[in-house]
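Student: coordinates only, sequence not included:
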């Protein structure tokens, strides 16, 4: 159910590496792309032809939308393929799309398209490729990691650029996503604007239309050619997500500010601001309680944290009953290929049995406590090992709990930690409550305050 | 004053020993010799051993085909000292005067006499029964579907077979040393130690549940494990071999040290490796086993700071 929002960058040469890391790097492994053998023709030289073919395709299928054709024809010079060039080999290592938003060369793309150059500036540089096949260097101006946007600049004067729309379209309006999927050449994908994604924390536009790897960072425009969003992710079958207008406008407005001296500091600052916005509702007041079996656990604190339930009530062979509630933030923040952050998980499981002896029940219960893991992907280069501590606690509701608390630090960001906690009540002979949360990319102060609320938000009924 | 001739095995342990009151002893494969060696490489009249008036012992080769090797050197005639090894054909001998002193007697270990009860098979079977009961009960407590006793039997048998490796190995070793295998004692000691180990691990569970914060826990666990292993090995050696105490101590200590060092090294390696999963082992017991109510939420949250600090310092290390 928690469909992975796949960033739409095209990672080219690192496919083999990703395999090694197996499931953890689910997203890109599936999208790793190499052209089919029959198509190993010179793709770049064919861009012109492809574009013409597409023009005719677009005009036949979208007769009603004359505008699309005009827009594409008119703005094609303002559309770019954005490439990460690996300095040593001089070849591209990943590609995405980008579009110009000012006549003096400001180009918007996704942060995840250019993330390599932020984390390994010596190994990678950024280049653009125009529709006519010209290339040139780009310099990074500003980033917005939370909304996955980046502003880069090319040296040019008075070039064609996309205007930004003043407002979002109405639900059901046709909008057009532009980009260069799988390095096949620039294309137009017609689709429907379906409003902002329901109950999301950092809002995204729900676009009904297929967007594919390589289209990351491309613009989505309305019928008059104004940008309403930026391609960022897909959840499969015609469900696409776009960064909406507001963060895009904010980023473009920052163009006149000085470029940050150290982008790593800037990332940390943005993550902390985002985290405060995310966690404040949890910290400001005690959490409302909701029942789970004979226990009371956290109810709905915020509306952007979707919860799912399950139990084994229909299993006739089971000698115990388990009821689960799992809440998970439906989005994460991409920092680089090996590091995601910004996740929040909250889970509870109530267990009871009148068929097992107390000792056997506690063994069962203990087994359920051994496999806590992080909620986000992070590699050796990015985080330290976890350090844990265990403690018995009795909270204000007089519930006796035993916790293991683990944290690991981010190597590049001196204030950020991943935190997880796993708790078990031990006061009752025949029932137990497992409680668990993980937070990613949080400060010590915020996560301690969160822990306090979490521990207090449990009681027996 | 008499001539002592010892026949030796390849490891120089005595296989057979002869004592002669006369001053001359002939050795060979012929039936007329004082010592007849059934060795095809030995001649019919191979050598003569003589003792002079001062008690010195000499050996003389009687022009045999393969000669006499003394400490690896071929010699026609030689004076023999106590430690010399004489080889005729493929037979190894040691020859000395009966006046030579033997080593002082080893003191019989007090422990050994106290452990005599272990040597009764009845006691061994009792221990095996207790072990089987404990194992069955433990499995029962870890079975969360219908428990079937019948399925337990193969498991019990295989566990006992695995455990048997230790006593059988040492039994075999002592047989090779021409001593009693004393299997009942070996089995009893092993089972006793395994039962003590099970008890200690229960105690460990309880301690971990109550005092998870105790910092040097790993060390204590290793020391306890080391002590248990040392005791097992020491007692096993005591039963299996006749050896002086200092030697037994040395062997047992050395092996224990090796085991603990390996475990520690393995832990270190595991810790140094990057793992995306948190390292912890969660122990959970019902509330009746808790010695107190634990800390308040506030104390708990404040106490977390030390863990943040620890991980923040490990950030700089690499």
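Tutor: Sure thing, it's come through. It should be emphasised that the depicted structure is a prediction, and the values quoted were computed from it without experimental measurement.
Student: ranges for the strands of the stretch 251-400 of chain A?
Tutor: A:289-292, A:295-298, A:307-311, A:321-328, A:333-336, A:339-341, A:344-352, A:387-394, A:400-409 (DSSP state E, counting those that start in this stretch).
Student: just how off-centre is the last one within its chain?
Tutor: The reference is to strand A:400-409. Centre-to-centre, strand A:400-409 and its host chain are 26 Å apart (Cα atoms, centre = their mean, to the nearest Å).
Student: report the angle between the axes of that strand and strand A:387-394?
Tutor: The directions of strand A:400-409 and strand A:387-394 differ by 160 degrees, with axes from the mean of the first three to the mean of the last three Cα atoms, to 10 degrees as the criterion.
Student: Show the average pLDDT along strand A:400-409.
Tutor: Strand A:400-409 carries an average pLDDT of 94.
Student: close to chain B, is it?
Tutor: Yes. Using Cβ under 8 Å from any Cβ of the partner chain, strand A:400-409 reaches chain B at A:400-409. Quick note: C-beta positions are derived from backbone N, CA and C, even for glycine.
Student: so what secondary structure elements neighbour that strand?
Tutor: With contacts taken as 3 or more Cβ pairs under 8 Å, 6 or more residues apart in numbering or on different chains; DSSP states H and E, strand A:400-409 sits against strand A:387-394, strand A:417-425, helix A:444-456, helix B:305-317.
Student: partner strands of it, parallel or antiparallel?
Tutor: Strand A:400-409 has these partner strands in its sheet, going by DSSP bridges: strand A:387-394 (antiparallel), strand A:417-425 (antiparallel).
Student: cool, and the second one?
Tutor: Strands adjacent to strand A:295-298 in the sheet, as given by DSSP bridges, are strand A:289-292 (antiparallel), strand A:459-460 (antiparallel).
Student: swap in the fifth one?
Tutor: Strand A:333-336 has the following sheet partners, assigned by DSSP bridges: strand A:339-341 (antiparallel).
Student: which residues sit in contact with the residue in the stretch 151-300 of chain B that chain A sits nearest to?
Tutor: At 3.0 Å from chain A, residue B:294 is the closest residue in the stretch 151-300 of chain B, using Cβ to the nearest Cβ. The contact partners of residue B:294, taken as Cβ atoms under 8 Å, 6 or more residues apart in numbering or on different chains, are A:391-394, A:400-402, B:300.
Student: if we can go back for a sec, can the helices and strands packed on strand A:400-409 go into TSV with extra columns for distance to residue A:126?
Tutor: Listed next are the helices and strands packed on strand A:400-409 as TSV, based on distance: least, Cβ to Cβ, whole Å:
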stretch	distance to residue A:126
strand A:387-394	37
strand A:417-425	29
helix A:444-456	33
helix B:305-317	29
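Student: which of the ones you listed is buried the deepest?
Tutor: Among the helices and strands packed on strand A:400-409, strand A:417-425 has the highest mean neighbour count (mean count of other Cβ atoms under 10 Å in any protein chain shown), at a mean of 25.
Student: Follow the chain on from it and name the next helix or strand.
Tutor: strand A:431-442 (DSSP states H and E).
Student: OK, now which residue of the stretch 201-350 of chain A is nearest to chain B?
Tutor: For the stretch 201-350 of chain A, Cβ to the nearest Cβ, closest residue to chain B: residue A:319, 5.8 Å.
Student: Pretty sure that residue sits against residue B:144.
Tutor: Yes. Counting by Cβ atoms under 8 Å, residue B:144 is a contact partner of residue A:319 at 5.8 Å.
Student: what do these two both touch?
Tutor: By Cβ under 8 Å, 6+ apart, the residues touching both residue A:319 and residue B:144 are residue A:356.
Student: pLDDT wise, what is whichever residue of the stretch 251-400 of chain A sits closest to chain B at?
Tutor: Per Cβ to the nearest Cβ, residue A:392 is where the stretch 251-400 of chain A lies closest to chain B, at 3.0 Å. Looking at residue A:392, its pLDDT is 93.
Student: show me the contacts for residue B:286.
Tutor: By Cβ under 8 Å, 6+ apart, the contact set of residue B:286 is A:358-359, A:362, A:426, A:429.
Student: so which pair among those residues is furthest apart in space?
Tutor: A:359 and A:426 (12.8 Å; Cβ to Cβ).
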